[in-house]
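S.K.: Mind folding the following:
(one chain, ligands or ions: 2)
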Amino acid sequence: MSTDTKEHLQLNQKSDFSTVTIPLSASKSESNRVLIIDALTEVSNKISNLAEARDTQTMIRLLQTNPPVFDVLDAGTTMRFLTAFAAATNQNKVMTGTPRMCERPIGILVDALRTVGAEIHYMGVEGYPPLAIHGLSEQTTNQVKIRGDVSSQYISAMLMIAPTLPKGLELELEGKVGSRTYIEMTLELMAQFGIKYEWKGNKISVDSQQYQPTTFAVESDWSGASYWFSLLACADSGSLFLEGLKENSLQGDSKIVEIMDLLGIKSTFKEGGVLLQKQEVKGLKEWDFTHCPDLAQTVAVTCAILGQNAIFTGLESLKIKETDRILALQQELAKFNAELKEIETEVYQVIPSVTMPQEVKIHTYEDHRMAMAFMPLVTKTQVVFDDPEVVNKSYPSFWKHCELVGITLVNQA
Ligand SMILES: O=C(O)C1=C[C@@H](OP(=O)(O)O)[C@@H](O)[C@H](O)C1
Ligand SMILES: C=C(OP(=O)(O)O)C(=O)O
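M.R.: Ligands and ions are numbered 1, 2, ... in the order given. Below is the predicted model:
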C-alpha cells in the first residue's frame, strides 16, 4: 500500500474558499450494510450511490465473485460483516486481510457465531484472522451474549444475519457499549428493509423474517465531511458547501456539527447539503468520543491548531483500528509541538501547538484518517505525507476535492 513517493501539500494563497462545493463521496458504513442486506434479500433491491471507498469496492467484488478466500484487505466492516454472512449462508470460506487486519481482534464475533452453531477455526492466532469458516448447518440457540466494549461491528454483523436465522436472535449486550450509533444505524437500515426488531435495555431481539425489497440511496459520508469542517475551522476565512449530507442522518459522525459549532463553524442545512461558514470560536472544553471514534483524529488536530486545551475521553477503541491511533496521533502532533497527553487513565488532553515548524512530515501509518485529519495543517505550514494514497480506504477522491479549495499535492520524489 505504501509508496516511496513523498508528496507535499501546498495551499494556493490566492485560493478563495467561499462558495466552493465539495461533492462528498458516500458513506462506506451505510454502503457495506446495505450490500450485506441486499445479499440476504431474496428479491433484488434498488440501491444507489454506493461508496467509492476501497472498503466498499472490496465488499462488492467479494460478494459478486464469491472466491473461496475472502481477502478483505484492511476493511474492518468488510471482515466482520462477511464473516457473519459466510457463516449464516452456510459457506466454506477463508477470511483474511492485511497483516494489520490479522492483528485486529475478531474473537467476540467468532464466539457469538459459534454459540448459534457456526463452525469456525482460527488458522493462525486464536482470536484473530485468518479464519476458516465451515458454515452453520443447524442453529443451536437464539440466545447470544456479546460484549459491547471492543467493537460494535461484531454486534452489527450478528444483527444483520439475525432475520435469516431460523430461530432469529436475542442478543444480550454486555458491559459498556461503544460506537452505539453504528448499532442504531444497522437496526435503522434493517428496518428500512422491512425488518422488525425490539431493543429494550441491553437486549436486542430480532425474529426470523425476510428482508423486503427496497429502494435506498446511500447518504454522503459524515466521517469524510469532518475534514472539511476542520479545514474551514483552521482557515482564516471562507465558506464551503458539502453536498449530499442530511440533517437527520443515520451516521453518528454527524455529531461533527455540534463539535465544530464550538470550534468556529456554523452549519446551515439547505436543499442538497450543508453550508459551512465561519463564526467565533466558542471553545471545546471536553468531548466524549465513545460513539463517534472516527472523529477523534479530526478534532484532535483541529484543537491542536486552534489552541484548544480540550479533554478527550472515549478513545479506548482507537488502539485497535487501522493503526494504534492514540500513538499515531501523539507521534505526529509532536512534530508541530502539540501533544495528546494521557492525564489520567483513558483521559487525554490536547496541548496545542505554540510554535509551528516551516515544514511538517506526516507519517500516515497505513491509516487513511491520519492523512486526512492532518490535511488542515496546510493552513499553517507546509505538510509532507509519506503515503497520500492511503486515503483510498474510505475517500479515494479526497485529494481531488482538495484541489477544489486550492490545496494541491506536489510530488517531491
Ligand atoms: O460499523 C461501522 O460501520 C463502523 C463502526 C466503528 O467501529 P467500532 O465499532 O469498531 O468502533 C467505526 O470506527 C468504523 O469506522 C465503522
Ligand atoms: C475504523 C475504521 O474502519 P474499519 O474498522 O471498518 O476498518 C475507519 O474507517 O476509521
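S.K.: Whichever residue of the chain sits closest to ligand 2: neighbour count?
M.R.: In the chain, the residue that lies nearest ligand 2 is residue 76 (2.5 Å; CB to the nearest ligand atom). The way it works is simple: take the backbone N, C-alpha and C, and place the C-beta from them, glycine included. Using other CB atoms under 10 Å, residue 76 is surrounded by 21 other residues.
S.K.: cool, and residue 44?
M.R.: By other CB under 10 Å, the residues close to residue 44 number 8.
S.K.: Distance of the residue lying closest to it once chain neighbours are set aside relative to residue 219?
M.R.: Spatially, and ignoring its direct neighbours in sequence, residue 44 is nearest to residue 213 (6.6 Å; CB to CB, 6 or more residues apart in numbering). Residue 213 sits 20 Å away from residue 219, going by CB to CB, to the nearest Å.
S.K.: Of these two, give the one with the bigger neighbour count.
M.R.: Shown here are residue 213 and residue 219; by other CB under 10 Å, residue 219 has more neighbours (21 against 14).
S.K.: Now do the phi/psi pair for the more buried one.
M.R.: Main-chain dihedrals, residue 219, degrees, to the nearest 10: phi -80, psi 160.
S.K.: So residue 367 sits against residue 325, correct?
M.R.: Yes: assessed by CB atoms under 8 Å, residue 367 is found in contact with residue 325 at 6.8 Å.
S.K.: Show me which residues of the protein are close to ligand 2?
M.R.: 75, 76, 77, 294, 321, 322, 369, 394 (CB under 6 Å from any ligand atom).
S.K.: Looking at the residues you listed, state which has the most neighbours.
M.R.: residue 369 (32 neighbours).
S.K.: before we move on, which element is it in?
M.R.: Element membership for residue 369 (DSSP states H and E) is helix 368-374.
S.K.: what's the average pLDDT for that helix?
M.R.: What helix 368-374 shows for mean pLDDT is 98.
S.K.: quick one: residue 316 and residue 148 touch, right?
M.R.: No: checked against CB under 8 Å, the pair residue 316 and residue 148 is beyond contact range at 11.6 Å.
S.K.: what do those two both touch?
M.R.: residue 178 (CB atoms under 8 Å, 6 or more residues apart in numbering).
S.K.: Any figure for the gap between the residue nearest to residue 44 and residue 63?
M.R.: Remark: distance between residue 213 and residue 63 (CB to CB) = 17 Å.
S.K.: And residue 86, by the same measure?
M.R.: Noted for residue 86: a distance of 11 Å to residue 63, by CB to CB.
S.K.: now do residue 195
M.R.: In terms of CB to CB, residue 195 sits 19 Å off from residue 63.
S.K.: So for the two, which sits in the more crowded spot?
M.R.: Set residue 195 next to residue 63 and count neighbours by other CB under 10 Å: residue 195 wins out with 20 against 16.
S.K.: name the element the more buried one belongs to?
M.R.: Going by DSSP H and E, residue 195 is not part of any helix or strand.
S.K.: so it sits right up against residue 208, yeah?
M.R.: No: assessed by CB under 8 Å, residue 195 is found out of contact with residue 208, at 10.6 Å.
S.K.: Please enumerate the shared neighbours of those two.
M.R.: residue 163.
S.K.: before we move on, the earlier item: ok, and the closest non-adjacent residue to the residue of the chain closest to ligand 2?
M.R.: residue 153 (5.9 Å).
S.K.: so after the helix or strand in which that neighbour is found, what's the next helix or strand?
M.R.: Assigning secondary structure by DSSP H and E places residue 153 in helix 152-161. Once the chain leaves helix 152-161, the next helix or strand it forms, by DSSP H and E, is strand 169-174.
S.K.: in which helix or strand would I find residue 59?
M.R.: Counting by DSSP H and E, residue 59 is part of helix 54-65.
S.K.: and that helix, which residues are buried?
M.R.: Residues of helix 54-65 classed as buried: 54, 55, 56, 57, 58, 59, 62, 63 (neighbour count, 16 or more other CB atoms under 10 Å).
S.K.: Give me the pLDDT for the residue nearest in space to the middle of the chain.
M.R.: In the chain, the residue lying closest to the centroid (CA atoms, centre = their mean) is residue 294, at 5.5 Å. pLDDT recorded at residue 294 is 98.
S.K.: isn't it right next to residue 223, touching?
M.R.: Yes: Residue 294 is in contact with residue 223 according to CB under 8 Å; the separation is 4.7 Å.
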